[in-house]
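Engineer: Need coordinates for the following:
(one chain, ligands or ions: 2)
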Amino acid sequence: MKVYRYFYDSRFFMKLSGPFKQILTLNNLPLKGKLNDESLEVISNGGILTENGKIIQTGDFTLLKQKFPDSEIDWVEGEQIALPAFVDAHTHICFGGNRANDFAMRNAGKTYLEIAESGGGIWSSVQHTRQASEDDLVDGILKRINNLISQGITTIEIKSGYGLNAEEELKMLRAIKKAQTKTKVTLVPTCLSAHLKPRDFEGSSEDYLNYILDEILPKVKAENLASRVDIFIEKSAFQPEESKSFLLKAKELGFQITVHADQFTAGSSRIAVEVGAKSADHLEATIDEDIEFLANSNTVAIALPGASLGLGEPFTPARKILDKGGILAIATDWNPGSAPMGNLVTQASILATYQKLTTAEVLSAMTFRSAYALDLQDRGILAKGKKADFITYETDNFQNILYHQGSLMPKNIYINGEKIG
Ligand code: NIG
Ligand code: FE
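Structural biologist: Ligands and ions are numbered 1, 2, ... in the order given. Model prediction:
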């Protein structure tokens, strides 16, 4: 018999999911530094007890069933394992158009400049995104979200940055807000108006940054469209000094900060740390001295192997970051230009192979450590009180997830304790 607590709302049933061959809780692991696989908590014959979207307890399925005899049982068929759902802390999945031609030209040996001159690059995505209606953008976001959900991702950061003027940037952020009303996954919007100075802006890059501060961010705030601000600090985008002062002002306005840092040239991860950014993302070109600086901070280092694979650039020095004690997260950077693949587990397992990362380090980088980068400490581990977002795989051992490099897909996805797929 079901216990009807607090009237008849089904969300208030206690529900026991299981039995799982293994539950990988990712509980009791440090936020910072390297991890060995022996430190992973694995519950055999496990159960996950949830109520009102939260985890009440994880433990032995049979014992939980005895202890909570009235709970509804969500029987799991065959051999399955469970772990926290993934968090993709860096995407650009709100865009119009396609840059397949950039990819082909790059592989044919064309340089960044040649590609930009022949109509490609970020500016081409800006033109396509400006041509799209808000609803077109919502459709594109939802289509890509469905793909990410099928990979077991239930929290997704999404950046603006292909609008590059007040009207178009707000259109992008409104599209993300509208998409949130149509999906159960958590969307975390970020204002990346400082992606590039648009070609049609009259004035210096400093003028453009001031325009963002004066004309865009107040509206973003007023409409509650984002609480995070990002900037692309790079020779071809914004310079270190102007970026630092921009970020400090954005922070004064109450925004959290994240930075596209050290993608091609070193130096900007230092700025991210100095301004107290939640994360410094990319880091393919970070020098040893700056790795140490970053690792000594609480700024999360977000590796984006999809961009390395899309551009043929080196991987982020993830091993060194962890060895120095830093917080490593891994995200897709899914975007139409540098990272068109959008497959988190494939990218993370390839990064693991090249950077020699343990399974514990990789899974942490896609769960509670990436959640921390988004300031979401309520998820990413399976423990009492946490949001009941978890995924299952039809397999008997968690090692199989990375071993199959993304070709083993989740069987079921749970959001707030409810199976959504
Ligand atoms: O994260 N580095 C800057 N921005 C994106 C690329 C965007 C694009 O090429 O459209 C990135 O890789
Ligand atoms: Fe990016």
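
Engineer: In stretch 178-197, which residues are buried?
Structural biologist: Neighbour counts over stretch 178-197 (16 or more other CB atoms under 10 Å) mark 179-180, 183, 185-197 as buried. To be clear about C-beta, it is placed using only N, CA and C from the backbone, and glycine gets the same treatment.

Engineer: Show the end-to-end separation of it, please.
Structural biologist: Counting by CA to CA, to the nearest Å, you get 27 Å between the two ends of stretch 178-197.

Engineer: what do you get for stretch 313-320?
Structural biologist: First-to-last residue span, stretch 313-320, CA to CA: 17 Å.

Engineer: is ligand 1 contacted by that stretch?
Structural biologist: No: Stretch 313-320 lies out of reach of ligand 1 by CB under 6 Å from any ligand atom, never closer than 9.7 Å.

Engineer: Give me the contact list for that stretch.
Structural biologist: 263-264, 282-286, 288, 291, 301, 303-305, 307-308, 328, 330, 351, 354-357, 361, 365 (CB atoms under 8 Å, 6 or more residues apart in numbering).

Engineer: now, which of those lie within strands?
Structural biologist: 282, 301, 303, 328, 330 (DSSP state E).

Engineer: Name the residues of this structure found near ligand 1, please.
Structural biologist: Residues of the chain lying near ligand 1 (CB under 6 Å from any ligand atom): 92, 122, 125, 232, 260, 263, 307, 333, 335-339.

Engineer: Check those against ligand 1 and report the nearest one.
Structural biologist: residue 337 (2.4 Å; CB to the nearest ligand atom).

Engineer: Please give me every residue in contact with residue 322.
Structural biologist: 33, 34, 35, 328, 357, 361.

Engineer: cool, residue 74 as well?
Structural biologist: Counting by CB under 8 Å, 6+ apart, residue 74 has contacts 15, 16, 17, 18, 419.

Engineer: Could you do residue 40 as well?
Structural biologist: Contacts of residue 40 by CB under 8 Å, 6+ apart are 24, 26, 29, 359, 360, 363, 398.

Engineer: In strands only, show me those.
Structural biologist: Going by DSSP E, the strands hold residue 24 from the contacts of residue 40.

Engineer: Which two of the contacts of residue 40 have the greatest separation?
Structural biologist: The span of the contacts of residue 40, defined through CB to CB, is set by 29 and 398 at 14.0 Å.

Engineer: okay, these two: which has more neighbours?
Structural biologist: residue 398 (22 against 19; other CB atoms under 10 Å).

Engineer: Just confirm that one contacts residue 26, I think it does.
Structural biologist: No: Residue 398 is beyond contact range of residue 26, at 10.2 Å (criterion: CB atoms under 8 Å).

Engineer: which residues are common contacts for these two?
Structural biologist: 40, 83, 363.

Engineer: Next, count neighbours for the closest residue to the last one other than its chain neighbours.
Structural biologist: The one in question is residue 363. Counting by CB to CB, 6 or more residues apart in numbering, the nearest residue to residue 363 once its immediate chain neighbours are dropped is residue 26, at 6.4 Å. By the measure other CB under 10 Å, the count of residues near residue 26 is 22.

Engineer: right, and residue 26 touches residue 84 too?
Structural biologist: Yes: at 5.6 Å, residue 26 and residue 84 qualify as touching, with contact defined as CB under 8 Å.

Engineer: Now for those two: what residues contact both?
Structural biologist: If you check residue 26 and residue 84 against CB under 8 Å, 6+ apart, the residues they both contact are 367, 368, 380, 381, 382.

Engineer: Out of these, which comes closest to ligand 1?
Structural biologist: residue 367 (21.6 Å).

Engineer: OK, contacts around that closest one?
Structural biologist: With CB under 8 Å, 6+ apart, residue 367 has these contacts: 26, 83, 84, 85, 86, 87, 379, 380, 381.

Engineer: Can I get those in CSV including pLDDT and secondary structure?
Structural biologist: As requested, those are arranged in CSV below (pLDDT from 0 to 100; DSSP: H, G, I helix; E, B strand; the rest coil):
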residue, pLDDT, secondary structure
26, 98, coil
83, 99, strand
84, 99, strand
85, 99, coil
86, 99, strand
87, 99, strand
379, 98, coil
380, 98, coil
381, 98, coil
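
Engineer: most surrounded residue in the shared contacts of residue 26 and residue 84?
Structural biologist: Top of the shared contacts of residue 26 and residue 84 by neighbour count (other CB under 10 Å): residue 382, with 29 neighbours.

Engineer: ok so, going back, looking at the contacts of residue 322, which two lie furthest apart in space?
Structural biologist: The farthest-apart pair in the contacts of residue 322, when distances are taken by CB to CB, is 33 and 357, at 12.5 Å.

Engineer: neighbour count winner among the two?
Structural biologist: residue 357 (25 against 16).

Engineer: residues contacting residue 384?
Structural biologist: Counted by CB under 8 Å, 6+ apart, residue 384 has contacts 55, 56, 57.

Engineer: rerun at 10 Å
Structural biologist: Residue 384 makes contact with 27, 49, 54, 55, 56, 57, 58, according to CB atoms under 10 Å, 6 or more residues apart in numbering.

Engineer: Give the burial count for the fifth one, as a bare number.
Structural biologist: Using other CB under 10 Å, the number of residues around residue 56 comes to 19.

Engineer: Same check on the last one?
Structural biologist: Here the neighbour count serves as a burial measure; for residue 58 (other CB under 10 Å) it reads 27.

Engineer: so it touches residue 28, yeah?
Structural biologist: No: with contact defined as CB atoms under 10 Å, residue 58 does not reach residue 28; the gap is 11.9 Å.

Engineer: Please identify every residue contacting each of these two.
Structural biologist: With CB under 10 Å, 6+ apart, residue 58 and residue 28 have common neighbours 41, 381, 383.

Engineer: Among the shared contacts of residue 398 and residue 26, pick out the one closest to residue 414, please.
Structural biologist: residue 83 (11.0 Å).
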